[in-house]
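J.: Sequence and predicted model, in that order:
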Amino acid sequence: MKKYLWLIIIVLAVVVGLVIWKVSSGSAKSELEIFSWWTGGGEEEGLKALFTKFNEKYPKVDIINAAVAGGAGTNAKAVLKTRMLGGNPPDSFQVHAGMELTDSHVKADAMEPLTQKLKDWGVYDKFPAGVLDICSYNGEVYSIPVNVHRGNVVFYNKEVASELGIVSAPASFEEFLGMLKLASEKGYAALAIGDMNKWEAAHLFENIMIAKFGPENYNKLFKNEVSFADPAMAESFNALGMLIDYFNTDHSALTWQDAVKMVQEKKAFATVMGDWAEGYLKTLGMNPNEGFGWFAVPGTENAFTLISDTFGLPKKAKNRENALKWLEFISSVEAQDIFNPIKGSIPARTDADKSKYDTYLQWSMNDFSALAICPSIAHGSAAPEAFSTKLQDIVNKFIAERNTENAVNEMIALAKETGYKAD
């Protein structure tokens, strides 16, 4: 028996020794779980390009792509919430800059601050202060922006526009309505929308709000300096009501991708969407300024509706050191110039190489540096999740009922419930 016991001890010693040698020799693999909702179109391709470059730098790190499908992260956010509450976070996860980050995760003391890391990596001053402010809470940065999307864009089919005799962007909301009327009379779905997931209609409405309130007062709504009872709220719903006449009749059964595809297939003249639609149009074979054109939502030419995808570091990340490698990597100009031209977004850094970006993205980059920044409600930057979710319900109810008075009263009630000015 003793003979066998010694044999077992010797075998165990050899195994342990091999493990120690493997680790010390640097051949051991480690993991990095990245959680996102990038599963389709240019976004998935962009994410995979980041993974490829990251693995060139860190070949001994196995990336676990924990992406969850669902437009604007609807499904992913629910899964993430469960994991965070259960103490089982991914190593790093995609989150929209602003209240989606701070209200859901930072205030719950679930995230590590990254301010000092950004300074240590020498990139703190490479991001615009306004963008880092949206990623911050109580003076600390809690996530790193990998991109910036513009939300107030009308994308249109250039061939359809040529057929309709449209050669330039509308100078006013009324002129835009005239374009939609002309497209409708020619048998097109004038303004394609897919609001099956509700956020798409809220996305359209927030841009109408920016047009009617103006960028400065829109931003002041969320600083309690302007009331949600302002007459501009009723004007916003009235303007949305005018657009409803030009929606495709099956809008509630479609996604935003379906609506964009209607434009690509010449079934519709235009759609209002964030510029992830530009990435999708390119994957469908269209080129900017050739197959499709664009202009700012009428009335918002002096504004940039901001949506920024960021990544943070949960306090209970299992592979913290690898997560920090990932965050340092995505903060680099190299990573941002790899990802964004594919995704259909612009870099969050100010020193990116513009020559790597197409004509649409260069237009967006130029406006980003010059216009008023208005954080998105629908995408979690301007207001807490509870506000955004309720706004979606109010807007979709309005589209069904078209009752401005009721919608305004519901917005005022929502403002009061969530601590915003409503008198």
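T.: Structure received.
J.: ok, now which ones touch residue 362?
T.: residue 354 (Cβ atoms under 8 Å, 6 or more residues apart in numbering). To be clear about C-beta, it is placed using only N, CA and C from the backbone, and glycine gets the same treatment.
J.: Next, the buried residues of the host helix or strand of it.
T.: Residue 362 is part of helix 359-368, with elements assigned from DSSP states H and E. Of the residues in helix 359-368, those buried by neighbour count under the rule 16 or more other Cβ atoms under 10 Å are 360, 361, 363, 364, 365, 367, 368.
J.: out of those, what pair is the most spread apart?
T.: Among the buried residues of helix 359-368, the pair separated by the greatest distance (Cβ to Cβ) is 360 and 368, at 12.6 Å.
J.: contacting residues around the closest residue in space to residue 109 that isn't next to it in sequence?
T.: Closest residue in space to residue 109, ignoring its immediate chain neighbours: residue 315 at 7.5 Å, by Cβ to Cβ, 6 or more residues apart in numbering. By Cβ under 8 Å, 6+ apart, residue 315 lies in contact with 89, 109, 110, 111, 112.
J.: Is residue 328 in contact with residue 121, as I believe?
T.: Yes: at 5.1 Å, residue 328 counts as touching residue 121 under the criterion of Cβ atoms under 8 Å.
J.: so what sits against both of these two?
T.: Common contact partners of residue 328 and residue 121 (Cβ under 8 Å, 6+ apart): none.
J.: Toward the C-terminus from the helix holding residue 362, list the very next helix or strand.
T.: Next along from helix 359-368, by DSSP H and E: strand 372-375.
J.: For that following strand, name the packing helices and strands.
T.: For strand 372-375, the packing partners by 3 or more Cβ pairs under 8 Å, 6 or more residues apart in numbering; DSSP states H and E come out as helix 215-221, strand 303-307.
J.: which parts of the first one are buried?
T.: Meaning helix 215-221. Buried, per 16+ other Cβ under 10 Å, within helix 215-221: 215, 217, 218, 219, 220, 221.
J.: again, but for stretch 390-407
T.: Burial within stretch 390-407, assessed by neighbour count using 16+ other Cβ under 10 Å, is assigned to 390, 391, 392, 394, 395, 396, 398, 399, 404, 407.
J.: again with stretch 125-140
T.: Across stretch 125-140, burial judged by 16+ other Cβ under 10 Å covers 126, 127, 128, 131, 132, 133, 134, 135, 136, 137.
J.: Please tell me how far the second one sits from residue 346.
T.: Right, the one you point to is residue 127. Distance of residue 127 to residue 346, computed by Cβ to Cβ, to the nearest Å: 12 Å.
J.: Same question for the fifth one.
T.: Look at residue 132 and residue 346: by Cβ to Cβ, they are 16 Å apart.
J.: Equivalent analysis for the third one, please.
T.: Distance, residue 128 to residue 346, by Cβ to Cβ: 11 Å.
J.: Quick one: the buried residues of helix 359-368 as JSON lines, columns for distance to residue 59 too.
T.: Listed next are these as JSON lines, based on distance: Cβ to Cβ, whole Å:
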{"residue": "360", "distance to residue 59": "35"}
{"residue": "361", "distance to residue 59": "31"}
{"residue": "363", "distance to residue 59": "38"}
{"residue": "364", "distance to residue 59": "35"}
{"residue": "365", "distance to residue 59": "33"}
{"residue": "367", "distance to residue 59": "39"}
{"residue": "368", "distance to residue 59": "35"}
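J.: between the helix holding residue 362 and strand 303-307, how many degrees?
T.: Relative orientation of helix 359-368 and strand 303-307, computed by axes from the mean of the first three to the mean of the last three Cα atoms, to 10 degrees: 110 degrees.
J.: Let me see the mean pLDDT of helix 359-368.
T.: Averaging pLDDT along helix 359-368 yields 96.
J.: thought residue 259 was touching residue 248?
T.: Yes: the criterion here is Cβ under 8 Å, and residue 259 meets it with residue 248 at 7.4 Å.
J.: out of those two, which sits in the more crowded spot?
T.: Applying other Cβ atoms under 10 Å to residue 259 and residue 248 shows that residue 259 carries more neighbours, namely 29 against 21.
J.: Show me what the helix or strand hosting that one is packed against.
T.: In this structure, residue 259 is located in helix 256-264 according to DSSP H and E. Helix 256-264 sits against strand 153-157, strand 189-192, strand 268-273, helix 276-283, with contacts defined as 3+ Cβ pairs under 8 Å, 6+ apart.
J.: And the contacts of it?
T.: With contacts defined as Cβ under 8 Å, 6+ apart, helix 256-264 is touched by 40-41, 71, 155-157, 189, 192-194, 197, 200, 248, 251, 268-271, 273, 277, 280-281, 284-286, 291-292.
J.: show me where pLDDT drops low in the protein?
T.: Along the chain, segments meeting pLDDT under 70 span 1-28, 71-72.
J.: quick one on the thing from earlier: now the helices and strands packed on helix 256-264 in JSON lines, with distance to residue 307?
T.: Shown next, in JSON lines, are the helices and strands packed on helix 256-264 (distance: least, Cβ to Cβ, whole Å):
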{"stretch": "strand 153-157", "distance to residue 307": "11"}
{"stretch": "strand 189-192", "distance to residue 307": "20"}
{"stretch": "strand 268-273", "distance to residue 307": "11"}
{"stretch": "helix 276-283", "distance to residue 307": "9"}
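J.: pretty sure residue 188 contacts residue 160?
T.: Yes: using Cβ under 8 Å, residue 188 makes contact with residue 160 at a distance of 6.3 Å.
J.: More neighbours: those two, which one.
T.: Ranked by neighbour count (other Cβ under 10 Å), residue 188 and residue 160 place residue 188 first, with 24 against 20.
J.: Could I get the contacting residues of the closest residue to residue 81 other than its chain neighbours?
T.: Using Cβ to Cβ, 6+ apart and skipping residues adjacent in sequence, the residue nearest residue 81 is residue 104, 7.3 Å away. By Cβ under 8 Å, 6+ apart, the contact set of residue 104 is 81, 95, 385.
J.: Now, of the residues you listed, which are buried?
T.: Buried among those (16+ other Cβ under 10 Å): residue 95.
J.: And the contacts of residue 104, which is closest to residue 228?
T.: Among the contacts of residue 104, and counting by Cβ to Cβ, the member closest to residue 228 is residue 385, at 17.7 Å.
J.: so how far is residue 418 from that closest one?
T.: Residue 385 is 10 Å from residue 418, by Cβ to Cβ.
J.: repeat for residue 88
T.: Plainly put, residue 88 is 29 Å away from residue 418 if you go by Cβ to Cβ.
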